[in-house]
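> Okay, predicted coordinates and the sequence, questions at the end:
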Amino acid sequence: MKFFIDTANIREIEEGLRLGMVDGVTTNPSLIAKEKRSFEEVVHDILERVSGPVSLEVVGLKSEEMVAEGKKLAKLGDQVVVKVPMTTEGLKATNILSNEGISVNQTLIFSPVQALMAAKAGADYVSPFVGRLDDASHNGMDIVEQIITIYDHYGFDTEIIVASVRHPVMFWKVRSWARI
Ligand SMILES: O=P(O)(O)OC[C@H]1O[C@](O)(CO)[C@@H](O)[C@@H]1O
């Protein structure tokens, strides 16, 4: 199991690194805005400290915008993973970016079929939002389990980053652990 710390705060990342709990970092635009420093500064400081995958999210809505942003982000470091939303435009962008060898984390995954489509489009990572699914009276970890079954069945290497985590108990609910 890998741990991805979901923050853009350097002190939190450093503390996580000292604990040996940081395999990678996930960020989003609001987390970066919370730091009250420029995007470039925050990202530079993260990439300087973390050698594992660091997800940086695009903000464009059209696939061309996402692709252009993704290419710029990918140039910031080898460990950059471009975070792309699970929309039709996002899938097109994932397809283009992954064909160019750029690693993608497809975010805003709410169903197993979305995870299947993201993997098919070439995403290296998918981020199912388990907490928000639970908030809407679904069972987020059940969706994760279904994604694992589908990926195993079709032989996809896409990694699952369980996102929108509210509490550790969520992890006890999964029977098949290999991919998380
Ligand atoms: O439901 P929440 O707690 O707002 O979490 C949203 C999730 O979206 C993400 O952008 C996914 O990586 C994370 O920041 C977070 O896990």
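Nice, thanks for sending it over. Numbers count the residues shown, from 1 in each chain.
> hey, let's count contacts and neighbours off CA atoms from now on
OK.
> counting residues per helix, which one in the protein is longest?
Among the segments of the chain that qualify as a helix by DSSP state H, the longest is helix 140-154.
> Against which helices or strands is the helix or strand following that one packed?
The helix or strand immediately downstream of helix 140-154 is strand 159-160, counting by DSSP states H and E. Counting contacts by 3 or more Cα pairs under 8 Å, 6 or more residues apart in numbering; DSSP states H and E, strand 159-160 is packed against strand 125-128.
> Outside of the strand it packs on itself, list whatever touches it.
104-111, 115, 118-119, 140, 143-144, 158-164 (Cα atoms under 8 Å, 6 or more residues apart in numbering).
> Next: stretch 40-50.
Residues outside stretch 40-50 that contact it (Cα under 8 Å, 6+ apart): 8, 10, 13, 14, 24, 25, 32, 35, 54, 77, 79.
> mind running it again at 7 Å?
Stretch 40-50 is contacted from outside by 8, 10, 24, using Cα atoms under 7 Å, 6 or more residues apart in numbering.
> quick one: terminal-to-terminal distance for stretch 52-70?
With Cα to Cα, to the nearest Å as the measure, stretch 52-70 spans 18 Å from end to end.
> And it, what's buried?
Going by neighbour count (16 or more other Cα atoms under 10 Å), the buried part of stretch 52-70 is 52-58, 60, 63, 65-67, 69-70.
> can you check stretch 80-93 too?
By neighbour count on 16+ other Cα under 10 Å, the buried set for stretch 80-93 is 80-87, 89-93.
> Please tabulate those in TSV, including the columns distance to the ligand, pLDDT and secondary structure.
What follows is the buried residues of stretch 80-93, written out as TSV (distance: Cα to the nearest ligand atom, whole Å; pLDDT from 0 to 100; DSSP: H, G, I helix; E, B strand; the rest coil):
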residue	distance to the ligand	pLDDT	secondary structure
80	14	98	strand
81	11	98	strand
82	11	98	strand
83	8	98	strand
84	10	98	strand
85	10	98	strand
86	11	98	coil
87	15	98	coil
89	18	98	helix
90	15	98	helix
91	17	98	helix
92	20	98	helix
93	18	99	helix
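> The ligand: which of the contacts of stretch 40-50 is nearest?
Set against the ligand, the nearest of those by Cα to the nearest ligand atom is residue 8 (9.5 Å).
> Among the contacts of stretch 40-50, which lie within helices?
Those of the contacts of stretch 40-50 mapping onto helices are residue 10, per DSSP H.
> The residue lying closest to residue 35 once chain neighbours are set aside: how many residues sit nearby?
Closest residue in space to residue 35, ignoring its immediate chain neighbours: residue 9 at 6.6 Å, by Cα to Cα, 6 or more residues apart in numbering. Look at residue 9: counted by other Cα atoms under 10 Å, it has 17 neighbours.
> what does residue 155 give?
Other residues within reach of residue 155, judged by other Cα under 10 Å, total 9.
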